[in-house]
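[1] Based on what follows, work out the 3D shape:
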Amino acid sequence: MANIGFAYKGISSFRPPFAVCLHKAQHTLTVESVSDAAVIPSSQLIRSNSSGQPAGSVPSSPAVHGYAGTFEWKALNSKNLGLSTSMINEETWTVLKNLRKKGYEAYLVGGCVRDLLLKKTPKDFDIITSADLREITKKISRSRIVGRRFPICHVHVKESIVEVSSFSTSERKGTNAFKEFTNRPHGCNDRDYARWKNCMRRDFTINGLMYDPYENVVYDYAGGMEDLKMAKVRTVIPAHVSFAEDHARILRAIRIAARLNFQFSRDTACAIQDCSLSILRIEKQRLMMEMNYMLAFGSAEASLRLLWRFGLLEILLPIQAAYLVSQGFRRRDKRSNMLLVLFAKLDNLLAPNRPCNGSLWSS
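    Numbers count the residues shown, from 1 in each chain. Next comes the predicted model:
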């Protein structure tokens with residue numbers, strides 16, 4: 001490792017032109033058609049927003065073509081999708097049961113639902129609930145609120161921490177981008193509307209799935225199931241706008257695609273290249289956290305290849321990028337070399353639930 005020289009180089013005085021990300025959005029509102037997406041069998045469908053919808057189903061809201069608001073929203077039978085409660089760890093179940101006993105709604109949400117559907121081991125389990133965060137701390141022991149900008153609740157169960165977020169908190173952190181590209185749907189019930197709003201504020205469609213293990217339902221308001229079947233990473237709102245809103249989403253897109261061996265939608269791939277310099281605006285602590293997620297959980301080699309392909313490696317890890325240049329490595333090169341072999345060997349020893357210590361490269 002010493003011979004390769006792992007290093008991060010920040011350029012705090014540089015101010016990249018972020019307006020290009022917002023400007024590009026108006027030119028990328030039309031993305032590849034999703035009409036050829038795999039159709040979900042009717043046996044898996046509990047209800048949808050198609051014509052003749054049953055009471056309580058959600059109609060499609062007006063939105064930019066190709067984005068979440070134009071997908072047919074679905075409530076799917078989780079058992080038919082291969083999900084079972086045995087896939088949820090004991091600590092998470094404890095928190096879910098406590099919330100339900102107190103009379104609150106509680107769902108698994110985000111990457112853990114995506115990974116369960118793909119039969120992969122989740123890095124962790126995230127819960128979202130109708131309870132306010134303060135109510136959680138009052139009614140569930142060993143829980144406390146953490147974070148200022150995006151507060152969540154840490155619930156301590158045995159030696160583990162389960163992260164719980166609230167629908168009410170996510171409503172308060174709405175953005176102009178959310179308001180511009182999503183309109184309130186007509187005719188939906190309050191529960192659907194709360195779930196829909198939360199999904200529309202997420203980064204990628206495949207992270208916008210909610211799983212209710214008590215009702216055996218997976219809610220899909222953003223077209224996440226179609227993108228899972230097509231193995232695509234796609235932003236919920238137009239990608240240039242999404243990345244301008246949160247620059248770290250660029251690195252999360254790389255990490256997810258590397259770990260799952262997914263492709264990017266055309267719009268997302270273009271935005272990663274156009275907005276690449278914006279990662280210099282990410283706070284150093286958060287940047288190091290995202291890099292650790294890329295390298296420490298079993299997909300380091302694939303992450304490095306994608307960082308190189310999209311021109312991000314020379315921004316984040318200039319020494320490693322210089323090494324690849326010295327090897328005559330091209331952007332889409334499928335060959336290997338000493339650096340990539342090193343990380344491939346490391347990947348063989350790691351997994352999302354079995355990461356290595358981040359001090360291996362942060363020291």
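[2] all helices of the stretch 51-200 of the chain, in order?
    90-101, 111-117, 133-139, 167-172, 176-181, 190-200 (DSSP state H, counting those that start in this stretch).
[3] deepest of these, which one?
    Comparing the helices of the stretch 51-200 of the chain by mean neighbour count (mean count of other C-beta atoms under 10 Å), helix 111-117 comes out on top with a mean of 23. Backbone N, C-alpha and C define where each C-beta goes, glycine included.
[4] one step back: between the helices of the stretch 51-200 of the chain, which one is closest to residue 340.
    Among the helices of the stretch 51-200 of the chain, the nearest to residue 340 by C-beta to C-beta is helix 111-117 (24.9 Å).
[5] And the helices of the stretch 51-200 of the chain: which comes nearest residue 341?
    helix 111-117 (27.0 Å).
[6] Who are the packing partners of that closest one?
    Under the contact criterion of 3 or more C-beta pairs under 8 Å, 6 or more residues apart in numbering; DSSP states H and E, helix 111-117 touches strand 209-212, helix 224-229.
[7] need the helix or strand of the protein with the lowest average pLDDT.
    The least trusted helix or strand in the chain, going by mean pLDDT, DSSP states H and E, turns out to be helix 19-25, with a mean of 50.
[8] export the helices and strands packed on helix 111-117 to CSV and tack on mean neighbour count and distance to residue 266?
    Formatted as CSV, the helices and strands packed on helix 111-117 follow (neighbours: other C-beta atoms under 10 Å; distance: least, C-beta to C-beta, whole Å):
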stretch, mean neighbour count, distance to residue 266
strand 209-212, 23, 22
helix 224-229, 22, 13
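[9] Make TSV out of these and add mean pLDDT.
    As requested, the helices and strands packed on helix 111-117 are arranged in TSV below (pLDDT from 0 to 100):
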stretch	mean pLDDT
strand 209-212	97
helix 224-229	96
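[10] Report the contact partners of residue 217.
    Taking C-beta atoms under 8 Å, 6 or more residues apart in numbering, we find residue 217 in contact with 46, 75-78, 211.
[11] Which of these fall within strands?
    46, 75-77, 211 (DSSP state E).
[12] hmm, back to that, which among the helices of the stretch 51-200 of the chain is found nearest to residue 337?
    helix 111-117 (30.3 Å).
[13] how far is the closest one from where the chain is centred?
    Helix 111-117 sits 10 Å away from the centroid of its parent chain (C-alpha atoms, centre = their mean, to the nearest Å).
[14] Can I get that helix in PDB, CA atoms only?
    Once non-C-alpha atoms are left out, helix 111-117 reads as follows in PDB (Å, rounded to 0.1, in the frame of the first residue of the first chain):
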ATOM      1  CA  GLY A 111     -31.200   0.700   0.800                       C
ATOM      2  CA  CYS A 112     -32.100  -2.200   3.100                       C
ATOM      3  CA  VAL A 113     -35.300  -2.800   1.200                       C
ATOM      4  CA  ARG A 114     -33.400  -2.700  -2.100                       C
ATOM      5  CA  ASP A 115     -30.800  -5.200  -0.900                       C
ATOM      6  CA  LEU A 116     -33.400  -7.600   0.600                       C
ATOM      7  CA  LEU A 117     -35.200  -7.600  -2.800                       C
END
